[in-house]
Every structure is written in structure tokens, then in C-alpha cells.
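Engineer: need a 3D model of the following:
(chains A and B)
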Amino acid sequence: MAEAVTTCIAIALFGEEVSPRFCFAEQVLVVNFVNGQEAWRNVFSLGEPWLPGRMSQLSAMGVRTLLCGAFNRAFLPCAERLGIRVITGISGKAEDAVARFRRGQIVSPRARHRRN
Amino acid sequence: MFHLRDMTGSRKPKASGPPPPEALHSLIFDSIHEGVFTVDQDFRVTSFNAEAERITGFSRRQAVGKKCYEVFRASICQRGCALRETLDTGRPLRDVRIDVLNASMLPVPIAVSTAVLRSGGRLLGGVEIFRDLSDIESLRNELKSQGSFENIVGGSPAMKALFQLLPDVAASDAPVLIEGPSGTGKELVASAIHSLSARRDKPYLRVNCGALPDTLLESELFGYLRGAFTDARRDKPGHFVLADGGTILLDEIGDITPAFQLKLLRVLQEGEVQPLGGTRPVKIDVRVLAATNRDLGAMVAEGKFRQDLYYRIRVVPIALVPLRERRGDVPLLVDHFVRLQALKTGKPIREVAPRAMAALCEYDYPGNVRELQNLIERAFVLCHGHRIELGHLPAEILRAKERTAPDGDLLATRRKPSERIVLQASGKVANERADADPMAQKLREALAAHGWSRTATARSLGIGRNTLWRRMREHGLVSGKPPKTRGTRIA
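Structural biologist: Predicted coordinates:
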């Protein structure tokens, strides 16, 4: 029997929308996909607006991809060290972002570059 | 509200003559050296000027139509948006310091001001004006690494020792006595102690004890209740109560009267104040810092200052040295003030000519750092180039320069006071034996340069008239007439 493929993403929230800047978001929506299907989701509160602490919090939840509007680039190496891929430039309703991600319409800049 | 059009496109002006008002507005909008953008009531960007493009890294085309928070990604967008507050309350906000993430995802410090945008009484949205503070912040960081601490600049051993001491002093709650001549930065040190301490989010109040008579000082510090005296129409809390949880600086503490010294001692011993007209004392939790330009130890010895109060306020003594005793800091301070002044005035002055710098290093600064700051400010007024020259400095600096050897490095050839060449009243240069009182000599020179006007002299020295008067008295210069030159000429 084939092993299940699990993907855990986090979307920084600003109300119902995607947060314009991760470090000041108060909540995050974490969605877990198993074999491309949504298995569970939950909204978590984030702690202090201190990026390394927040990234550790996401890492402990098993998050491997973070979607948000913007992310201070000085902390990208920290995210990488924790195995979290950060995809920025996302805006609009958080629910739409989840749907677009599931359909494969949101990819990291690196993946986009490889496709080109 | 106006929407911007791209005026750099291929369209050529049809004919010479004044541009249409819409184009003129657009040109003005783009020539403003501050970022400006407007939003509608739904917080969508409706206009975006050239400076806003530069600061954010987003083009006008990318920004217009988007929600403002998608463009600015500011620290306050999600918690306490300034523009939203202005639209909700109708009140403009000024100089709110925040940072935004630019298009390259790098933080940019800015100061924003907001206002409501109306047309004929109809609410259109809001306008935000913002200034790039990157230069100021980078200067601050640079100074941090180059010998400055909490706005105190210096790389001399004395200042380094102070920088090392301050965090420990701040961490404790002990009373601190900051001693040093006027203009040495006593208030900056006090402010640094407060801002580094656990009380930093609580009030920091400064009271100039020397400027107020006893009765007024008592009501200022301890407060009063309604009816305590004829004009007391309502209760007024004193500074000790207002500073509750925070820090209070008792400046010029050496100037308070013996009667008030006793009252202050009781407050410090008991940790409570009794407002004028009150019967019940009020508990206070205030850290007390005191500052003076007097020698309190000598005053205690002379019986002019209470010994018990002296030891109560002097748990941690900090002595600041005059600038002439840390001349090595002058170039650092000059550089600091030139940059600050350039930012403040917008003048493209970046440096000081070597001869002018040498003269600045040679001068004795009776008004200390404050005097140096004033000298740079004055030079900025006179300088129209990129560099401050010797001619932009006042006469007393030039005289000090002439006193030194004419050749070689002025700092290296600094003569001992006994060997100085002093410019006499006749304008000739003559060798003079050491003046018994160099400070009196400095004061005399400064007074003479300003026709013995105390106001002008005090201003040039960067000290107050009262301080000047006190120094004149201390150095026997209050005869009412300009004293004769005391030097003995050696032919």
C-alpha cells in the first residue's frame, strides 16, 4: 500500500483575509492535506510579533509551507533552517488561498522559476 | 480627489503655455519630497506619488486599486492602523513612527501623518503622508557602533566607562547623583538611565529646582489640594505623584534652599509626599535622579548642603567631565552634530575642513557639548557650500586657534597653559604667563567678544544667563565694568 502524502500549510490571517505581513498577524490557519485532500484544519493564535519564535511555533505544528502577504527577508534563513517554505505576495480571502493551493495554483517562487 | 496620470508618456504638449490644472496638480504631487497616497473609504489606494514609489518599491500602477495594507505591510496595518483611526475619529495624526516592508521585503522606517479627505463636505477617504527615516536610523545605528550610547556620543575612556556603567545603574533602583559642568549632558545621562531601566514605559519627569522659589517648587513637586492657598481652585497632583512608577530628575539640586533640602529629605526617606493643604501623605514609587553643576561635596563641607540629603541622593555618583578634558571626542561630536544638522536643515554639508576641525579641537568649550552643538548650528547658517570652513566659526574659536603654534598639527603642538600665546586687546599676539584662572580668562574673552552683553555671551557659550552670572561671580567678574587684561606681556 502506497504511503500517504501529507502536506501541512499555514496561512497568516488578518480577519478572513490573508495577513499582509506575517510578523504582525495575530492568528494563523493551519490546514493539513493528505493525498491532496483536506484532512483537518484549525486556527491558532500566534505569540509575540517575534519572527524566530513564531517560526518555531509553526515548525512544532508540522507546518512546511507558510502563505502570507509579506515576510521580512532577513528571517528567511531562519525559516529555511526550520524547513518552512515561505510563499509571499498572497492576498485576498484566506479560503480562496487554501483552494488555490490545493489546486496547485500557488507555488513558491523557486518552483515557478523551475517551471519557466 | 484627483487621480494621477502618467505625465512622462508619449503625449507631447500641444503648445507652450501653462499646463492644465490637472497636470499641474500631478506635477506638484510628484515633486513632493514625502511619500503621499490617498485611499477611498474601502482603503483602496486611489493615488500614489513618486516618493511613495521610491520608498515602497511599488510602482503607481501596482499600488493603485490595491488595499493599502497590501502595499505597505506596515507594523500597524493589522493592529492600530493610523489611517483607519483618522477615518473613524476624524482626527489627523502626526509623525507616527512605524516601519513598512518594501517590495524587496526589507523593513523601511517611516513617520506617517494622516488626514481625512473631504470634498464639499463629502467624505472621500483619507490621505497619508510619510517620510523615510532610513537615513536617521542608519545614522543612529552607525553612531551606536562608533561610540555612542542612548544619544550620548563619545569614544574617550571617560565616556566608554560611562557607557559600561549605565546599564548596571539603570538596572538598579538606587538614587543617582549626576555631577558635571553645564552642557556636559547630565540630562541625557538621566534620560538614558530611565530609558534603559524597567521603568522605561512609565513617566520620566524633569524638574529644574534652580528655577523655582521654595513655595512654587513645593507645589510643583508635592502638589496641592483645593483651597490650600488663595489660587488653589482645584487639586493638583505634584510631579512625584505624576511620575509614579517612573523616574524623576531633580535638576540643579545644588540650588535648593536648606529649608527645602529638609522637606525633600523627608520625602526620600519616607517614600511619601504630603500635598500642600493635605493631611494624609501619599505613597510614591519613583526613582530619584539628581543633577547639579555644583560641587555638592564642597557645599556639604561648607555647611551649605545637608550631609544626610547628600548621602541619600548620592548612592550612585556619576561625574561627567568637561569637554576640554576629553578633546578626543570633539571630532566624533562634530561629525555627529554635522550629520544631525544636515538632516534637520536639508543643507548638503557633509564635512568640516581640517583647519576648522583643528580649531574646534583646540578650543576649551566653557559651555561644553552644548556650546559645540551651537557652534555647528551657527556654522550651518553661515555655510553655503559642502564644507564648514574656518571662516564659519566664531571669533573665540579663531582666537583659540591663533594661540597655538602656527605650524604643524594643532593638537600635537598644544602648548601648556603657561606657554600659551594670548591675543591681547590690542590685537597683537604676545606670550603671556599662565592666567591663574583659565576659566575666568575664557569668560572674559567671551564677554569681551560680545561687548559684555551677558545675553549674547551666554548664548554663544551655550549656557543660560543665570549660569553665566553665577560663573562670573565665582570668578570675580561682576565688578560691573570690563576688567583689565591681566596678562603680563613678554616682549
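
Engineer: B:Val352 pairs with what?
Structural biologist: Taking DSSP bridges as the rule, B:Val352 bridges to B:Ile388.

Engineer: residue contacts, it?
Structural biologist: For B:Val352, the contacting residues are B:Val334, B:Val338, B:Leu360, B:Arg387, B:Ile388, by C-beta atoms under 8 Å, 6 or more residues apart in numbering or on different chains. In short, each C-beta sits where N, CA and C put it, glycine included.

Engineer: assign the residue nearest the centre of chain A to helix, strand or coil.
Structural biologist: For chain A, A:Leu66 is the residue whose C-alpha lies nearest the centre (C-alpha atoms, centre = their mean; 1.8 Å). Here A:Leu66 takes the strand state, with states given by DSSP: H, G, I helix; E, B strand; the rest coil.

Engineer: could you do B:Val241 as well?
Structural biologist: What three-state DSSP gives for B:Val241 is helix.

Engineer: who touches it in this structure?
Structural biologist: B:Val241 neighbours (C-beta under 8 Å, 6+ apart): B:Gly223, B:Val273, B:Pro275, B:Val282, B:Ile284.

Engineer: can you tell me which of the residues you listed are in strands?
Structural biologist: Among those, the ones falling in strands (DSSP state E) are B:Gly223, B:Val273, B:Val282.

Engineer: for the second one, name its beta-bridge partners.
Structural biologist: Beta-bridge pairing of B:Val273 under DSSP bridges involves B:Val282.

Engineer: and the helices in the stretch 251-400 of chain B?
Structural biologist: Secondary structure of the stretch 251-400 of chain B by DSSP state H, counting those that start in this stretch: the helices cover B:258-270, B:296-301, B:307-313, B:330-345, B:354-362, B:368-382, B:395-402.

Engineer: coming back round to it: I'd say the residue nearest to the centre of chain A and A:Leu82 touch.
Structural biologist: No - with contact defined as C-beta atoms under 8 Å, A:Leu66 does not count as touching A:Leu82 (10.1 Å).

Engineer: shared neighbours, the two?
Structural biologist: By C-beta under 8 Å, 6+ apart, the residues touching both A:Leu66 and A:Leu82 are A:Leu58.

Engineer: of all the helices of the stretch 251-400 of chain B, which one comes closest to B:Ala161?
Structural biologist: For these, distance to B:Ala161 was read as C-beta to C-beta. The smallest value, 15.8 Å, belongs to helix B:330-345.

Engineer: packing partners of that closest one?
Structural biologist: Using 3 or more C-beta pairs under 8 Å, 6 or more residues apart in numbering or on different chains; DSSP states H and E, the elements in contact with helix B:330-345 are helix B:134-145, strand B:152-153, strand B:351-352, helix B:354-362, helix B:368-382.

Engineer: will you turn these into a markdown table that also has mean pLDDT?
Structural biologist: Supplementary listing: these in a markdown table, determined by pLDDT from 0 to 100:
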| stretch | mean pLDDT |
| --- | --- |
| helix B:134-145 | 61 |
| strand B:152-153 | 84 |
| strand B:351-352 | 88 |
| helix B:354-362 | 88 |
| helix B:368-382 | 93 |
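
Engineer: may I see those organised as TSV, with distance to B:Gly90 added?
Structural biologist: Formatted as TSV, the helices and strands packed on helix B:330-345 follow (distance: least, C-beta to C-beta, whole Å):
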stretch	distance to B:Gly90
helix B:134-145	30
strand B:152-153	41
strand B:351-352	47
helix B:354-362	51
helix B:368-382	39
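
Engineer: number of residues surrounding B:Ala291?
Structural biologist: 26 (other C-beta atoms under 10 Å in any protein chain shown).

Engineer: closest to A:Gly15 out of the contacts of B:Val241?
Structural biologist: B:Ile284 (44.1 Å).

Engineer: quick one on the thing from earlier: now render the helices of the stretch 251-400 of chain B as TSV, adding mean neighbour count.
Structural biologist: Listed next are the helices of the stretch 251-400 of chain B as TSV, based on neighbours: other C-beta atoms under 10 Å in any protein chain shown:
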stretch	mean neighbour count
helix B:258-270	16
helix B:296-301	15
helix B:307-313	17
helix B:330-345	18
helix B:354-362	19
helix B:368-382	20
helix B:395-402	18
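
Engineer: any idea how far apart the tips of stretch A:82-101 sit?
Structural biologist: Stretch A:82-101 has an end-to-end distance of 21 Å (C-alpha to C-alpha, to the nearest Å).

Engineer: can you give me the mean pLDDT across that stretch?
Structural biologist: The average pLDDT within stretch A:82-101 is 92.

Engineer: find the residue closest to B:Ile193 in space, skipping its chain neighbours.
Structural biologist: B:Ala170 (4.9 Å; C-beta to C-beta, 6 or more residues apart in numbering or on different chains).

Engineer: and the longest strand seen in chain B, how far out from the chain's middle?
Structural biologist: Taking DSSP E as the criterion, chain B has its longest strand at strand B:107-119. On the basis of C-alpha atoms, centre = their mean, to the nearest Å, strand B:107-119 sits 26 Å off its chain's mean C-alpha point.

Engineer: partner strands of that strand, parallel or antiparallel?
Structural biologist: Strand pairing for strand B:107-119, using DSSP bridges, gives strand B:93-101 (antiparallel), strand B:122-132 (antiparallel).

Engineer: could you dump the last one to CSV, C-alpha only?
Structural biologist: Okay, so that is strand B:122-132. Only the C-alpha atoms of strand B:122-132 are listed here, as CSV (Å, rounded to 0.1, in the frame of the first residue of the first chain):
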residue,chain,number,x,y,z
ARG,B,122,-18.5,64.6,1.3
LEU,B,123,-16.1,62.1,2.8
LEU,B,124,-13.8,60.7,0.0
GLY,B,125,-11.4,58.8,2.1
GLY,B,126,-8.1,59.5,3.7
VAL,B,127,-4.6,60.8,2.9
GLU,B,128,-1.3,59.5,4.3
ILE,B,129,1.9,61.4,4.1
PHE,B,130,5.1,59.6,5.1
ARG,B,131,8.8,60.4,5.5
ASP,B,132,11.6,57.9,5.0
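
Engineer: how about it: buried residues?
Structural biologist: B:Leu124, B:Gly125, B:Gly126, B:Val127, B:Glu128, B:Ile129, B:Phe130, B:Arg131, B:Asp132 (16 or more other C-beta atoms under 10 Å in any protein chain shown).

Engineer: and if you look at stretch B:156-169?
Structural biologist: Residues of stretch B:156-169 classed as buried: B:Ser156, B:Met159, B:Leu162, B:Phe163, B:Leu166, B:Val169 (neighbour count, 16+ other C-beta under 10 Å).

Engineer: from these, which single one is nearest chain A?
Structural biologist: Closest approach to chain A among the buried residues of stretch B:156-169 (C-beta to the nearest C-beta): B:Leu166, at 25.4 Å.

Engineer: the longest strand of chain B - what's its average pLDDT?
Structural biologist: Mean predicted lDDT for strand B:107-119 stands at 91.

Engineer: that older thread, how about the strands paired with strand B:107-119 in a markdown table, adding mean pLDDT?
Structural biologist: As requested, those are arranged in a markdown table below (pLDDT from 0 to 100):
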| stretch | mean pLDDT |
| --- | --- |
| strand B:93-101 | 89 |
| strand B:122-132 | 92 |
